[in-house]
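> here is a sequence together with a model predicted from it:
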Amino acid sequence: MKILSVNIGIPREVPFQGEVVTTGIFKDPVEGRVNLRTLNLDGDRQADLTVHGGKDKAVYSYPVEHYEFWRRELPYTALPWGMFGENFTTEGLLEDIVNIGDQFQIGTAKLIATQPRMPCYKLGVKFGRMDIIKRFLASRRTGIYFKVSQEGDVGAQDPIELVDHDKNNVTIKDIVQLYVNTSHNENDIQKMKRAINIIDLPEGWRYHFIQKIEQLRK
């Protein structure tokens, strides 16, 4: 596993449906090493901190493996690295093998996987088409958010090394499926119970699954 590209950007104003929207989803690859802080990479910012950024969303990664899928789905759309607003375009770091709570060493920094990316309308702004939001979620190709447990510097071609595998065994893909699926079996309930026991699961997700379990038990 490794980083193929480090992408950063600051919020900009863009026209959208007759209005001006401020968004930080536009990211461009940078060369050399970049300092990774607790809340973001140097030179990178988020526009709406109520739904983006914060310690549980300090870094967003997206697998290069998914780009081929989107090239087939959107054959006339340019897809440079960073197109999905990711800070890291990665190789080998996929949602079905990464557990919530897994710890990684990248460069001199240490990161912890926290959650999948749930798309908002800003993705539609970036692509110039609102249907990308439903298509993105339906694809289950959400990418991965991380928090920073140790600040350091990172760069393209840095290996991504698994330091510790969370024993609750709830993957990023599991979280997405539990969220999207309209019906749940006993195995799903047990998976939700394991999820709420993960220390690094953000409180919003923990509350969501607690509420879901209570509803299913009625």
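Ah, there it is.

> since we're on residue 17, how many residues are nearby?
Residue 17 has 9 neighbours, counted by other Cβ atoms under 10 Å. For the C-beta atoms, the positions are set from N, CA and C on the backbone; glycine is no exception.

> mind listing what the residue nearest to residue 159 when sequence neighbours are not counted touches?
Residue nearest to residue 159 in three dimensions, not counting chain neighbours: residue 2, with 5.1 Å by Cβ to Cβ, 6 or more residues apart in numbering. Each residue near residue 2 by Cβ atoms under 8 Å, 6 or more residues apart in numbering is listed here: 90-92, 157-160.

> and residue 2, its phi and psi?
The phi and psi values for residue 2, taken as degrees, to the nearest 10, are phi -160, psi 170.

> what is it paired to in the beta sheet?
Judged by DSSP bridges, the bridge partners of residue 2 are residue 91, residue 159.

> just checking, what packs against the lengthiest helix in the chain?
Secondary structure assigned by DSSP state H gives helix 203-217 as the longest helix of the chain. Judged by 3 or more Cβ pairs under 8 Å, 6 or more residues apart in numbering; DSSP states H and E, the packing partners of helix 203-217 are helix 172-180, helix 186-196.

> helices or strands up against the last one?
Packing contacts for helix 186-196, counted by 3+ Cβ pairs under 8 Å, 6+ apart, involve helix 172-180, helix 203-217.

> counting neighbours, what do you get for the nearest residue to residue 180 once chain neighbours are set aside?
Using Cβ to Cβ, 6+ apart and skipping residues adjacent in sequence, the residue nearest residue 180 is residue 137, 6.6 Å away. Look at residue 137: counted by other Cβ under 10 Å, it has 18 neighbours.

> and residue 137, that one's in a strand?
No - assessed with DSSP: H, G, I helix; E, B strand; the rest coil, residue 137 is helix; it does not lie in a strand.

> what about stretch 145-152, distance to the chain center?
Relative to its parent chain, stretch 145-152 has a centroid offset of 13 Å by Cα atoms, centre = their mean, to the nearest Å.

> pLDDT of that stretch, averaged?
For stretch 145-152, mean pLDDT rounds to 98.

> for the protein, which spans come out with low pLDDT?
47-52, 218 (pLDDT under 70).

> so where do the strands sit in the protein?
Secondary structure of the chain (DSSP state E): strands at 2-8, 12-16, 19-23, 28-30, 34-36, 59-63, 88-91, 103-106, 109-116, 144-150, 152-154, 160-164.
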